[in-house]
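Participant: Next input, structure requested:
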Amino acid sequence: MSINRRDLIRTTAGLAVGAASAGLIGASAARAEDSFDIQPEKGASLRVTRWSPFVSGDEKQWLANTQQFTKDTGIEVRIDKESWEDIRPKAAVAANVGSGPDIMWVWFDDPQQYPDKLLDVTDLANYLGNKYGGWYDGPKAYATNDGKFVGLPIATIGNAIVYRKSIVEKAGFSEFPKDTDGFLKLCQALKSKGLTPAGFTHGHGVGDGNNYAHWLLWSHGGAMVDEKSNVTIDSPESIEAIKYAAELYKTFIPGTESWLDVNNNRAFLAGKVSVIANGVSVYYSAASDPKLKAIADDIGTTNLPVGKSGKDVELHQVTSAVIFKYTKYPNAAKLYLKYMFEKPQMSKWIESSSAYCCQTLKAYADNPIWTANPVFAPYAKASETLRTNGYAGPLGPASAGVMADYVLVDMFAEAVTGQQSPKQAAARAAERAKRYYKS
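Facilitator: Okay, the predicted model is just below:
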């Protein structure tokens, strides 16, 4: 199939196309601001690097959509995978060396570390936003720099409490606690009664470690910086958050200080822990394995408890697709991302991801997956409710550097394991953060 099939990729009134190509060109009667016509380079091929999936349906549908794109356009696309922890350093190397994949899925505010190395995709982002109800503010913030889109936010991977209902009931709780005080009492009861304990990641888990640490800080009213990006982590609120984390840690299964993103999933499915914070992937794994049916049937989910701040303050991890400026085929890369975000492809992908990947465009909020199972409910509004990791300041190279260096994660880990006192841990975190937030 020739890649120069203008009748396939050009949007014109009265053009009749099949269902497969409809997602590529959009509706023939689209408004002017909804049109996006781009011609791929002759002989174009693409290499895309994404993170390794936790939900098989996500990868399966993304590959199916990609194969259809190749069938429709003739543009070959190679999909590579990297572990979650390897995405960030390898993306930074590619950006700075100037070679590697054409498109890469990156984490959080990674695009803020090397925006000048990324292709400006504002025209495509505006087209998609106008057509599909607009972008949610949080994901949009991660993918924009200086008013320009330097990436497209693909998904928000929601984080929620996943627990064994029967074990929580044995601990004396008819429902999961909604506040931090009750949450601590539950974890203490699990330990004192000899029940299966809780376990939360204090290691360098890109998702779980960061999500947990930021919730600990924010639920106690703390912040890494203020609105003017002055470092404020060495504060009374941080000290209280650290002390609270230390009390929780006493109730955990041993070893959580070295856990990465896969460890709490494995421990939960092995019956070693009964309360974790995770994406819906752990439920998906249990429900897909007949041997784990008893665990799947016993799983409950809820949003993380509310602390002294009185607000739902959760990070959630956002992944964005960036196109590196060094690509030989920028038009083909844009065309590929356009295709993947169009309704025929994106709707199927969100649904196939089984509530793991939350939409970043508002028009997809009515996807039937969100009401298919009560377990999915806490993940449905992840893109709408997330707080960005740069809070209370703006996102940028400094917030990205602090995140990549695990400053906040290490602060809690050092304190709960006794390496530092709460005051020492907060002071050390402040010193590290100031290396990035230079006045």
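Participant: Please identify the buried residues of stretch 269-276?
Facilitator: Taking 16 or more other CB atoms under 10 Å as the neighbour-count basis, stretch 269-276 is seen to contain the buried residues 269, 273-276. Heads up, the C-betas are built off the backbone N, CA and C, glycines and all.
Participant: what does it contact?
Facilitator: Where contact means CB atoms under 8 Å, 6 or more residues apart in numbering, the residues beyond stretch 269-276 that reach it are 161-164, 167-168, 186-187, 190, 195-200, 253, 264-265, 267-268, 282, 285-286, 292, 295.
Participant: what about the strands in the stretch 251-400 of the chain?
Facilitator: Taking DSSP state E, counting those that start in this stretch as the criterion, the stretch 251-400 of the chain carries its strands at 275-278, 299-302, 317-323, 357-358.
Participant: Tell me which of those strands is the most buried.
Facilitator: Here the criterion is mean neighbour count by mean count of other CB atoms under 10 Å, and of the strands of the stretch 251-400 of the chain the winner is strand 357-358, at a mean of 30.
Participant: Could you list every helix and strand that that strand packs against?
Facilitator: Counting by 3 or more CB pairs under 8 Å, 6 or more residues apart in numbering; DSSP states H and E, the packing neighbours recorded for strand 357-358 are strand 152-157, helix 343-352.
Participant: try 10 Å
Facilitator: Under the contact definition 3 or more CB pairs under 10 Å, 6 or more residues apart in numbering; DSSP states H and E, strand 357-358 sits against helix 56-73, strand 152-157, helix 343-352, helix 382-385.
Participant: orientation of the first one relative to strand 152-157 in degrees?
Facilitator: Pointing back at helix 56-73 there. Counting by axes from the mean of the first three to the mean of the last three CA atoms, to 10 degrees, helix 56-73 points 160 degrees away from the direction of strand 152-157.
Participant: Need the CA coordinates for the following helix or strand past helix 56-73. CSV is fine.
Facilitator: Stepping forward along the backbone from helix 56-73, the first helix or strand reached (DSSP states H and E) is strand 76-82. Presented in CSV, the C-alpha positions along strand 76-82 are these (Å, rounded to 0.1, in the frame of the first residue of the first chain):
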residue,chain,number,x,y,z
GLU,A,76,5.6,0.6,9.4
VAL,A,77,5.7,1.1,13.2
ARG,A,78,8.0,-0.8,15.5
ILE,A,79,6.9,-1.0,19.2
ASP,A,80,9.6,-1.5,21.9
LYS,A,81,9.1,-1.8,25.6
GLU,A,82,11.1,-0.7,28.6
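Participant: Need the mean per-residue confidence for whichever helix or strand comes after strand 76-82.
Facilitator: Of the helices and strands lying after strand 76-82 in sequence (DSSP H and E), the nearest is helix 84-97. When pLDDT is averaged along helix 84-97, the result is 96.
Participant: before we move on, what about stretch 278-288?
Facilitator: When the per-residue pLDDT values of stretch 278-288 are averaged, the result is 94.
Participant: And that stretch, what's buried?
Facilitator: For stretch 278-288, using 16+ other CB under 10 Å, the buried residues are 278-287.
Participant: Out of those, name the ones that lie in helices.
Facilitator: By the criterion of DSSP state H, membership of these in helices covers 281-287.
Participant: residue closest to the middle of the chain?
Facilitator: Q317 (2.5 Å; CA atoms, centre = their mean).
Participant: sorry, back to before: closest to F412 among the buried residues of stretch 278-288?
Facilitator: Taking CB to CB as the measure, F412 lies nearest N278 of the buried residues of stretch 278-288, at 17.7 Å.
Participant: Could you double-check that the closest one sits in contact with N265?
Facilitator: Yes. Taking CB atoms under 10 Å as the definition, N278 is a contact partner of N265 at 6.3 Å.
Participant: Return every residue with contacts to both of those two.
Facilitator: Overlap between the neighbourhoods of N278 and N265 consists of 54, 162, 208, taking contacts as CB atoms under 10 Å, 6 or more residues apart in numbering.
Participant: List only buried entries from those.
Facilitator: When the shared contacts of N278 and N265 are checked for burial by 16+ other CB under 10 Å, the buried set is 54, 162, 208.
Participant: out of those, which one sits closest to D146?
Facilitator: For the buried ones among the shared contacts of N278 and N265, the nearest to D146 is D208 (31.1 Å; CB to CB).
Participant: Just to be sure, W215 is in a helix?
Facilitator: Yes. The assignment for W215, made by DSSP: H, G, I helix; E, B strand; the rest coil, places it in a helix.
Participant: roughly how far apart are it and S52?
Facilitator: W215 sits 24 Å away from S52, taking CB to CB, to the nearest Å as the criterion.
Participant: Kindly report the same for Y114.
Facilitator: Where S52 is concerned, Y114 sits at a distance of 23 Å (CB to CB).
Participant: Likewise for L118?
Facilitator: Using CB to CB, we find L118 at a distance of 23 Å from S52.
Participant: Of these two, which one has the most company?
Facilitator: Here L118 and S52 are compared on neighbour count by other CB atoms under 10 Å; more neighbours surround L118, at 25 against 13.
Participant: Identify the structural domains in the chain and state their residue ranges.
Facilitator: Structural domains assigned to the chain are 42-157+317-379, 160-315+405-434, following automatic domain parsing.
Participant: Please convert these to JSON lines, extending it with distance to N389.
Facilitator: As requested, the domains of the chain are exported to JSON lines (distance: least, CB to CB, whole Å):
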{"stretch": "domain 42-157+317-379", "distance to N389": "6"}
{"stretch": "domain 160-315+405-434", "distance to N389": "6"}
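Participant: quick one, what contacts P139?
Facilitator: 151-156, 316, 318-320, 358-361, 382-384, 386, 388.
Participant: Nearest residue to it in space, please, no chain neighbours.
Facilitator: If the residues on either side of it in the chain are set aside, P139 comes closest to P153, at 3.4 Å by CB to CB, 6 or more residues apart in numbering.
Participant: How about K140?
Facilitator: Nearest to K140 is P153, by CB to CB, 6+ apart, at 6.5 Å.
Participant: same thing with V416?
Facilitator: For V416, the nearest residue in space outside its immediate sequence neighbours is Y249; the separation is 3.9 Å by CB to CB, 6+ apart.
Participant: count of neighbours near that neighbour?
Facilitator: Based on other CB under 10 Å, the number of other residues close to Y249 is 21.
Participant: cool, and the one 5 residues further on?
Facilitator: By the other CB under 10 Å criterion, the neighbourhood of P254 contains 8 residues.
Participant: got it, and the one 4 residues further on?
Facilitator: A total of 13 residues lie near S258 under the criterion other CB under 10 Å.
Participant: quick one: whichever strand or helix holds W218 to strand 317-323, angle?
Facilitator: W218 is part of helix 208-219 when elements are defined by DSSP H and E. Taking the same axes, to 10 degrees, one finds helix 208-219 and strand 317-323 inclined to each other by 120 degrees.
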